[in-house]
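J.: No letters, just coordinates:
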């Protein structure tokens with residue numbers, strides 16, 4: 001990824017992809033803007049934010065292209081100003097969710113039979129619209145609704161979502177190029193069918209792009225989808241849905257279904273037509289859905305595929321040979337940007353005694369420079385956490401840290417929810433590497449450090465691997481290649497995305513396909529070439545050209 005000015009991008013050829021060029025689709029990661037002061041791209045986002053002021057958009061349920069206003073409503077508020085309502089969204093009940101399933105099944109065969117090139121064109125057009133016409137709006141709704149600063153919104157709601165749609169098309173087209181071996185007697189082909197049923201997409205608040213991809217990838221591969229957006233990211237999800245409609249997505253292919261979580265889960269897992277669940281969220285919720293599927297397994301027409309990403313307790317392991325400044329800056333970014341609410345955010349660090357005095361003083365020094373405030377203030381590094389539940393959970397951990405004899409808060413530790421759900425970036429030093437704060441996912445701007453004797457690094461590597469039930473991301477900082485090699489082997493199962501001399505966040509579509517194992521999820525690697533295969537049911541077809549003239553085999557002759 002790289003930064004460009006809006007003027008340069010506008011003068012460049014627009015990224016339209018024609019059907020005849022599909023077979024040789026060549027794309028690159030979406031360029032990103034720096035949004036420097038007085039730049040045209042920054043002014044456009046500022047104007048989009050102004051257009052949202054005083055507005056509370058009404059968001060319906062959409063089934064088969066029909067807007068349905070149920071009257072059973074909830075509100076999405078701005079996390080940095082929780083008295084400001086930005087969306088009034090209507091909820092689907094069990095009956096309406098079942099109606100959405102029926103409608104989806106009624107259009108499934110027609111959509112699945114469309115050529116892949118034609119389906120992909122819809123998402124390539126959507127990517128083009130998000131890259132240009134709707135870029136300021138999707139950024140503004142993400143800033144306002146999910147409290148991302150402008151850079152975090154840009155790398156998520158614009159660049160990553162655009163990349164998902166374009167690279168999914170590229171990977172899908174490359175997938176279907178595979179040609180089985182023919183013989184003199186037969187011709188062999190593969191038919192990549194959509195799944196026989198519907199896909200339920202359950203998306204999180206923390207990445208606008210994930211919502212668009214959880215619903216979009218299965219749909220591109222010929223499936224019909226029920227998309228339940230996060231209650232705290234409805235406005236951005238609704239913006240994506242309308243872009244997909246403008247791009248030509250037929251009604252009924254993706255049903256937009258805001259709903260109460262348990263109601264949605266109970267209803268979809270009770271349907272015999274459930275073919276897959278595409279989920280990002282908490283371990284507890286994913287385990288509950290998995291359990292429901294298991295309990296209902298005899299009623300399904302097919303074995304539902306369960307794809308999930310559930311967060312992590314991500315680490316930075318620092319060796320005495322590491323570059324201290326890189327550790328400091330990488331840890332500030334990984335632990336604190338977007339309030340530690342990235343699934344990949346670093347929340348535990350292991351630092352050798354020899355480097356700790358330097359790293360500690362530099363962390364405290366840089367911590368003082370971190371600005372917290374409203375996300376629409378473009379000078380802030382992080383804004384509020386997403387909602388009152390998140391704020392309350394993080395506050396409990398901060399109070400625990402202040403009261404525990406095993407923990408010392410060395411920076412931050414305060415929070416205030418009087419106007420927004422603001423939590424100060426916090427750095428804690430732990431005496432016990434197995435303290436619960438080193439093991440449990442907090443999902444907030446809290447970094448806990450354990451300082452170890454330099455010569456104990458081998459034991460610490462084992463400790464890093466064994467401390468947490470998660471295995472999403474992790475980083476090793478070391479300039480000694482032997483240490484890097486050793487750590488890579490010991491920590492082989494500890495992360496699905498593993499970084500060497502880099503922070504634990506920042507995966508890019510097409511560069512670092514994302515996902516983890518253990519309780520972090522099913523590690524299906526969104527943003528990579530294998531993800532598309534999850535959403536098809538391949539059929540191998542053998543066509544024999546030579547008539548069979550007998551049924552006996554040579555060994556049977558006397």
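T.: Ah, there it is. Treat the numbers as computed from the prediction; the structure is a model and nothing was measured. Numbers count the residues shown, from 1 in each chain.
J.: Just the strands from the stretch 251-400 of the chain, written as ranges.
T.: When secondary structure is read from DSSP state E, counting those that start in this stretch, the stretch 251-400 of the chain shows strands at 254-256, 274-280, 305-309, 314-318, 346-352.
J.: Run the chain-centre distance for the third one.
T.: Strand 305-309 has its C-alpha centroid displaced from the chain centroid by 12 Å (Cα atoms, centre = their mean, to the nearest Å).
J.: Residues contacting it, please?
T.: 195, 275-281, 286, 289-290, 293, 343, 472, 514-516, 520-522, 524, 526, 534 (Cβ atoms under 8 Å, 6 or more residues apart in numbering). Using the backbone N, CA and C atoms, a C-beta is placed for each residue, glycine as well.
J.: tell me the angle it makes with strand 274-280.
T.: Orientation of strand 305-309 against strand 274-280 (axes from the mean of the first three to the mean of the last three Cα atoms, to 10 degrees) gives an angle of 0 degrees.
J.: Find the residue closest to the most centrally placed residue in the chain in space, skipping its chain neighbours.
T.: By Cα atoms, centre = their mean, the mean C-alpha position of the chain lies nearest to residue 210, the distance being 3.9 Å. Excluding the flanking residues, the one nearest residue 210 by Cβ to Cβ, 6 or more residues apart in numbering is residue 280, at 5.3 Å.
J.: bridging residues for that neighbour?
T.: Note on residue 280: beta-bridge partners by DSSP bridges are residue 309.
J.: any idea how far residue 384 is from residue 400?
T.: 21 Å (Cβ to Cβ, to the nearest Å).
J.: Show me which of those two is the more surrounded one.
T.: Neighbours were tallied for residue 384 and for residue 400 using other Cβ atoms under 10 Å; the higher tally belongs to residue 384 (27 against 14).
J.: Any regions of the chain where pLDDT drops low?
T.: 1-24 (pLDDT under 70).
J.: how about JSON lines for the strands of the stretch 251-400 of the chain, with distance to residue 367 and mean neighbour count added?
T.: Formatted as JSON lines, the strands of the stretch 251-400 of the chain follow (distance: least, Cβ to Cβ, whole Å; neighbours: other Cβ atoms under 10 Å):
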{"stretch": "strand 254-256", "distance to residue 367": "41", "mean neighbour count": "28"}
{"stretch": "strand 274-280", "distance to residue 367": "30", "mean neighbour count": "25"}
{"stretch": "strand 305-309", "distance to residue 367": "30", "mean neighbour count": "22"}
{"stretch": "strand 314-318", "distance to residue 367": "16", "mean neighbour count": "29"}
{"stretch": "strand 346-352", "distance to residue 367": "14", "mean neighbour count": "26"}
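J.: ok so, going back, and the residue nearest to residue 210, how far from residue 443?
T.: 13 Å.
J.: just residue 170 next, same as before
T.: For residue 170, the distance to residue 443 - Cβ to Cβ - is 32 Å.
J.: more crowded one of these two?
T.: Remark: of residue 170 and residue 443, residue 443 carries more neighbours, 23 against 19, as counted by other Cβ under 10 Å.
J.: What residues does that one make contact with?
T.: 311, 340, 341, 345, 390, 393, 394.
J.: what's the closest of these to residue 28?
T.: Comparing the contacts of residue 443 against residue 28 with Cβ to Cβ places residue 345 closest, at 27.2 Å.
J.: Residue 330 versus the closest one, what's the distance?
T.: 12 Å.
J.: more crowded one of those two?
T.: Set side by side, residue 345 and residue 330 show more neighbours around residue 345, with 31 against 24, by other Cβ under 10 Å.
J.: How about the contacts made by that one?
T.: Applying Cβ under 8 Å, 6+ apart to residue 345 gives the contacts 314, 334, 335, 337, 338, 443, 504, 505.
J.: Let's see that with 10 Å instead.
T.: Applying Cβ atoms under 10 Å, 6 or more residues apart in numbering to residue 345 gives the contacts 206, 311-314, 333-339, 441-447, 472-473, 503-505.
J.: Name only those of these that count as buried.
T.: 206, 311-314, 333-339, 441-447, 472-473, 503-505 (16 or more other Cβ atoms under 10 Å).
J.: Just the buried residues of the strand or helix carrying residue 96, please?
T.: Under the criterion of DSSP states H and E, residue 96 resides in helix 94-113. For helix 94-113, the neighbour count (16+ other Cβ under 10 Å) marks 96, 97, 99, 100, 101, 103, 104, 105, 107, 108, 111, 112 as buried.
J.: Identify the spatial nearest neighbour of the fourth one, chain neighbours not counted.
T.: Leaving aside its sequence neighbours, residue 100 sits nearest to residue 255 (Cβ to Cβ, 6+ apart; 4.2 Å).
J.: measure that neighbour to residue 224 for me?
T.: 8 Å.
J.: and if you look at residue 112?
T.: Distance, residue 112 to residue 224, by Cβ to Cβ: 8 Å.
J.: Give the residues shared as contacts by these two.
T.: Going by Cβ under 10 Å, 6+ apart, residues that sit against residue 112 and also against residue 224 are 194, 195, 253.
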